[in-house]
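Peer 1: here is my input; please provide its structure:
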Amino acid sequence: MKNSYIDTYYSRTLPDAPARPALAQAMQADVCVIGGGLAGLNTALGILERGQSAIVIEGKRIGWGGSGRNGGFVAKGYSASEMSLVKKLGLEKARDFVNLTKMARQKIRSRIEEHNIDCGPVKNGVLTVSWRDQPEAMKDYIAEVNKAFDLGFEFFPREKVRELCRTKKYFDGVFSPQDFQFMPLKYVHGLARAIEGKGGKIFESTPALKIEKVPQGWRVITAGGAVTAKQVVLCCSIYVDGLNKKLANAAFPVRTFVMATKPMSPEILKSAVNNDYAIYDNRFCSDYYRAVEGNRILWGGRVALWDDPADIGEKLLGDMLKVYPQLQGHAAVDVAWSGELCYAPHKMPQIGMIEPGYWYNTGYGGHGLAPTTVGGELAAAAIATGDKQYEMFKPFGLGYAGGHLGRYVAQMVYGLWRARDYFNI
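Peer 2: Model (predicted):
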């Protein structure tokens with residue numbers, strides 16, 4: 001079927017979700033949101049919750065990109081670390097940024113409950129494990145960020161980490177009990193149903209071709225129709241496709257990879273991953289993974305700037321077996337996939353206004369799922385009520401990311417990171 005989802009663990013486990021029709025007429029709304037990923041859907045739902053009308057147009061399927069292919073981690077913070085925010089902004093402003101993601105975790109939980117979104121199992125706890133034997137440094141870090149940001153982090157000594165993750169690769173860990181995991185593509189569809197339940201419209205297979213200024217505000221032209229709106233919001237991630245050159249040049253796509261194993265016996269699974277937490281390690285080029293239903297492991301990692309390798313699954317399986325050699329002969333790849341994420345050089349989301357009534361809310365690669373809710377709420381509040389809180393993101397604007405050269409630079413940096421991990425620098 002045209003624009004159907006790629007083959008992933010998430011698309012295989014998604015209940016029947018017929019494609020929505022493409023836009024085939026001229027329509028009007030207070031706000032037109034371009035992009036049906038989590039940034040766009042959160043923006044649209046926030047607009048509707050504040051009493052305005054919204055239309056979402058999506059070039060393929062909702063959640064077709066990174067929003068429906070990621071690891072499923074809902075965690076505080078951003079790709080940029082808390083202490084890097086302190087260095088750039090000062091403690092008080094950095095605390096404001098982190099508090100937004102803490103609010104977003106609660107907003108996600110409340111929306112799951114309010115709209116009866118079946119995106120589970122929802123499992124609490126994210127564990128960051130260390131490849132380095134530096135317990136005192138880890139304790140100092142936990143004390144520092146807990147004091148500065150009230151994160152509730154807990155120190156897990158190596159004995160506990162190695163009971164939960166039965167490998168000698170890991171030493172100590174940082175446990176975040178308030179972070180959680182769920183099925184992201186199911187959550188995407190739950191948000192879409194909530195939008196439609198509030199009178200919003202969603203059109204799939206409807207790429208935006210042109211945005212033009214008109215007396216009523218803005219007109220978004222598509223192949224089969226148009227949306228005239230007082231305000232328009234670009235939430236296209238790296239799929240901006242020529243709609244706005246400045247936005248396209250302010251970030252670059254980064255490709256990451258995920259695989260799901262075939263089912264294994266509960267005993268075999270627990271001989272390696274003896275926990276229900278979402279896990280990632282603290283290397284520059286980290287693995288991230290979790291046990292999912294059916295006694296499978298969902299394992300992600302690696303980064304590329306261009307094409308997929310021919311053997312994504314086998315490469316990721318090899319990474320997993322380096323950590324858990326006891327799974328050799330027991331774990332096999334069931335399905336593997338890649339996804340392109342939108343990264344800005346400053347490692348923060350990009351939220352703001354290009355000109356009056358013309359907004360952007362994008363750049364969520366590497367952040368986990370909570371910041372898309374932050375962006376949706378800030379953009380919706382700015383549009384519907386004139387709230388100015390979105391302006392706190394001005395220090396992370398639309399700088400030039402290097403165009404095609406930026407990809408080469410990013411690939412070189414990634415290569416250096418991998419070398420640092422290899423030599424444990």
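Peer 1: contacting residues for residue 225?
Peer 2: Residues in contact with residue 225 (Cβ atoms under 8 Å, 6 or more residues apart in numbering) are 23-27, 206. Bear in mind the C-beta positions are built from the backbone N, C-alpha and C, glycine included.
Peer 1: what about it, distance to residue 398?
Peer 2: Per Cβ to Cβ, to the nearest Å, residue 225 is found 29 Å from residue 398.
Peer 1: returning to that earlier point: just the buried residues from the contacts of residue 225, in PyMOL please.
Peer 2: This is how PyMOL selects the buried members of the contacts of residue 225, with burial counted by 16 or more other Cβ atoms under 10 Å:
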select buried, resi 23+27+206
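Peer 1: tabulate the contacts of residue 225 (JSON lines), appending secondary structure, pLDDT and distance to residue 88.
Peer 2: Formatted as JSON lines, the contacts of residue 225 follow (DSSP: H, G, I helix; E, B strand; the rest coil; pLDDT from 0 to 100; distance: Cβ to Cβ, whole Å):
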{"residue": "23", "secondary structure": "coil", "pLDDT": "98", "distance to residue 88": "41"}
{"residue": "24", "secondary structure": "coil", "pLDDT": "98", "distance to residue 88": "47"}
{"residue": "25", "secondary structure": "coil", "pLDDT": "98", "distance to residue 88": "47"}
{"residue": "26", "secondary structure": "strand", "pLDDT": "98", "distance to residue 88": "45"}
{"residue": "27", "secondary structure": "strand", "pLDDT": "98", "distance to residue 88": "42"}
{"residue": "206", "secondary structure": "coil", "pLDDT": "98", "distance to residue 88": "38"}
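Peer 1: mind putting the contacts of residue 225 in CSV, distance to residue 221 included?
Peer 2: Compiled in CSV, those are given as follows (distance: Cβ to Cβ, whole Å):
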residue, distance to residue 221
23, 10
24, 13
25, 13
26, 10
27, 12
206, 11
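Peer 1: in the stretch 101-250 of the chain, which spans are helices?
Peer 2: Along the stretch 101-250 of the chain, counting by DSSP state H, counting those that start in this stretch, helices occupy 135-149, 158-164, 184-197, 245-248.
Peer 1: tell me the two of the contacts of residue 225 that are most distant?
Peer 2: Using Cβ to Cβ, the contacts of residue 225 span at most 12.9 Å, a distance reached by 26 and 206.
Peer 1: could you chop the chain up by domain?
Peer 2: 9-70+185-249+345-401, 123-181+253-343 (automatic domain parsing).
Peer 1: check the separation of the first and last residues in the last one.
Peer 2: Taking Cα to Cα, to the nearest Å, the first and last residues of domain 123-181+253-343 lie 27 Å apart.
Peer 1: so for it, what's the average pLDDT?
Peer 2: Domain 123-181+253-343 comes out with an average pLDDT of 95.
Peer 1: for the closest residue to residue 232 other than its chain neighbours, give me the pLDDT.
Peer 2: Distance criterion Cβ to Cβ, 6 or more residues apart in numbering; nearest residue to residue 232, sequence neighbours excluded, is residue 218 at 4.4 Å. As predicted, residue 218 sits at a pLDDT of 98.
Peer 1: hang on, isn't residue 218 packed against residue 356?
Peer 2: No - between residue 218 and residue 356 there is no contact under Cβ atoms under 8 Å: 10.1 Å.
Peer 1: those two - which one has more neighbours?
Peer 2: Higher neighbour count among residue 218 and residue 356: residue 218, with 19 against 9, using other Cβ atoms under 10 Å.
Peer 1: residue ranges of the strands in the stretch 1-150 of the chain, please?
Peer 2: 26-34, 54-57, 73-74, 123-129 (DSSP state E, counting those that start in this stretch).
Peer 1: out of those strands, deepest packed?
Peer 2: strand 54-57 (a mean of 28; mean count of other Cβ atoms under 10 Å).
Peer 1: who touches it?
Peer 2: For strand 54-57, contacts defined as Cβ under 8 Å, 6+ apart pick out 23, 27, 29-36, 40-41, 43-44, 47-48, 62, 195, 200-203, 206-208, 220, 222, 227, 229.
Peer 1: within its sheet, name the partner strands of that strand and how each one runs.
Peer 2: In the sheet, strand 54-57 lines up against strand 26-34 (parallel), strand 201-203 (parallel) (DSSP bridges).
Peer 1: same list, these, but as CSV with distance to residue 343 please.
Peer 2: Formatted as CSV, the strands paired with strand 54-57 follow (distance: least, Cβ to Cβ, whole Å):
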stretch, distance to residue 343
strand 26-34, 20
strand 201-203, 27
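Peer 1: quick one: which of those is nearest residue 158?
Peer 2: So among the strands paired with strand 54-57, strand 26-34 is nearest, using Cβ to Cβ, at 46.8 Å.
Peer 1: quick one: that closest one to helix 184-197, angle?
Peer 2: Orientation of strand 26-34 against helix 184-197 (axes from the mean of the first three to the mean of the last three Cα atoms, to 10 degrees) gives an angle of 140 degrees.
Peer 1: residue 156: neighbour count?
Peer 2: Using other Cβ under 10 Å: residue 156 sits among 23 other residues.
Peer 1: between the strands paired with strand 54-57, which one is nearest to residue 346?
Peer 2: Distance to residue 346, taken as Cβ to Cβ, is lowest for strand 26-34 among the strands paired with strand 54-57, at 23.0 Å.
Peer 1: can you list the residue ranges for helices in the stretch 301-425 of the chain?
Peer 2: If DSSP H, counting those that start in this stretch is used as the criterion, the helices of the stretch 301-425 of the chain fall at 312-323, 370-385, 403-422.
Peer 1: just checking, what packs against the shortest one?
Peer 2: Contacting helix 312-323 under the criterion 3 or more Cβ pairs under 8 Å, 6 or more residues apart in numbering; DSSP states H and E are the following elements: strand 252-261, strand 296-304, strand 333-343.
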